[in-house]
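Novice: Kindly generate the corresponding structure for this input.
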Amino acid sequence: MEPKMSATCACCGALLTGRYYTIPGNDACYCQTCIKTRPRCESCGVPLGSHHWKLHDGRLLCPQCHSTAIYDPAIALAVFQETVDGLVSHLGMRLNVGVAFRLVDAPTLHNLRQQSHRLPPGYSPGQDIRTLGLYVRNGHIRVIYMLYGLPRLTFRMTVAHEYAHAWQGEQCPLLENEVLREGFAEWVAFYHLLWLGATRAARRMLESFHPYRPALEHMFDLERKFGRAGLIDYLKRAE
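Specialist: Sure, this is the predicted structure:
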């Protein structure tokens, strides 16, 4: 790729005279050296310069992601509730019992994922899974665990995904099909982004290569076939 005239690397500032690189969702350009040698932001994946943040669990964040990252449990709870209220408002996904909320670090979330024994579609046992949130039900205890330090939009998108699993637990108790489970959760997150006006982030869900994308596309196929209300009814009957 040829850079624009006099373009410079957004990380080191060097003049881009040949091949350069971009990160999905980011318009900045980066030189080959920075792409290959520098550590990356845990959230957006851009190469990091000298000005970045290291969290206590070892994650690194770029200035842009840090600027909207949620660290305070009280703020996290407020944004969590805003997201839940939005899902009830625009998708009608009200819970009868409700779900608790906890803000945790990466090692805690990793251990919870290991204990859950659930793998997303496309993953195999032992493969490293980047976990941003997790819904856990243990008897009468229902909790959504969220990773601290997520940018606000990523936080809301992840809450929407995990809340969809909590809703499935009440409305689709027999559903074990992982493609339907994870596809619907991504479908809910997609429509929540659109409801927030975050059309660019929603479009990235359709364009980026990630394990959930085939499951999300399957949900859109079902939505085209049954309609939005019909899709939800279909899910309630599925196993």
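
Novice: And the strands in this protein?
Specialist: For the chain, the strands defined by DSSP state E occupy 20-21, 30-31, 53-54, 60-61, 69-70, 100-104, 133-138, 141-147, 150-151.

Novice: Could you work out which of those reaches nearest to residue 237?
Specialist: Nearest to residue 237 among the strands of the chain is strand 133-138 (20.8 Å), distances taken as C-beta to C-beta. (C-beta placed from N, C-alpha, C; glycine too.)

Novice: Mind listing the strands the closest one pairs with, and their directions?
Specialist: Sheet pairing here is set by DSSP bridges, and for strand 133-138 it gives strand 141-147 (antiparallel).

Novice: quick one: the strand it pairs with to strand 100-104, angle?
Specialist: Computed by axes from the mean of the first three to the mean of the last three C-alpha atoms, to 10 degrees, the angle separating strand 141-147 from strand 100-104 equals 30 degrees.

Novice: Give me the contact list for the least confident helix or strand in the chain by mean pLDDT.
Specialist: Using mean pLDDT, DSSP states H and E, the weakest-scoring helix or strand in the chain turns out to be helix 106-116, at a mean of 87. For helix 106-116, contacts defined as C-beta atoms under 8 Å, 6 or more residues apart in numbering pick out 57-59, 104, 129, 131-134, 136, 145, 147.

Novice: Could you rerun that using 10 Å?
Specialist: Residues outside helix 106-116 that contact it (C-beta atoms under 10 Å, 6 or more residues apart in numbering) are 42, 55-59, 102, 104, 119-120, 128-138, 143, 145-149.

Novice: Okay, domains of the protein per the record?
Specialist: 20-54, 71-237 (automatic domain parsing).

Novice: Between its first and last residues, what's the separation in the last one?
Specialist: If I follow you right, that is domain 71-237. Domain 71-237 has an end-to-end distance of 39 Å (C-alpha to C-alpha, to the nearest Å).

Novice: If you drop the residues flanking it in sequence, what lies closest to the residue sitting nearest the centre point of the chain?
Specialist: Centroid check for the chain by C-alpha atoms, centre = their mean gives residue 158 as the closest residue, at 4.4 Å. Of all residues not flanking residue 158 in the chain, residue 133 sits nearest, at 4.1 Å (C-beta to C-beta, 6 or more residues apart in numbering).

Novice: Any idea how many residues pack against that neighbour?
Specialist: 21 (other C-beta atoms under 10 Å).

Novice: try residue 194
Specialist: Here the number of neighbours of residue 194 (other C-beta under 10 Å) works out to 13.

Novice: Could I get the full set of helices for the protein?
Specialist: 32-37, 63-68, 73-91, 106-116, 152-171, 178-196, 199-207, 213-237 (DSSP state H).

Novice: Out of those, flag the one nearest residue 24.
Specialist: Once those are compared by C-beta to C-beta, helix 199-207 is nearest, at 6.3 Å.

Novice: All set, thanks.
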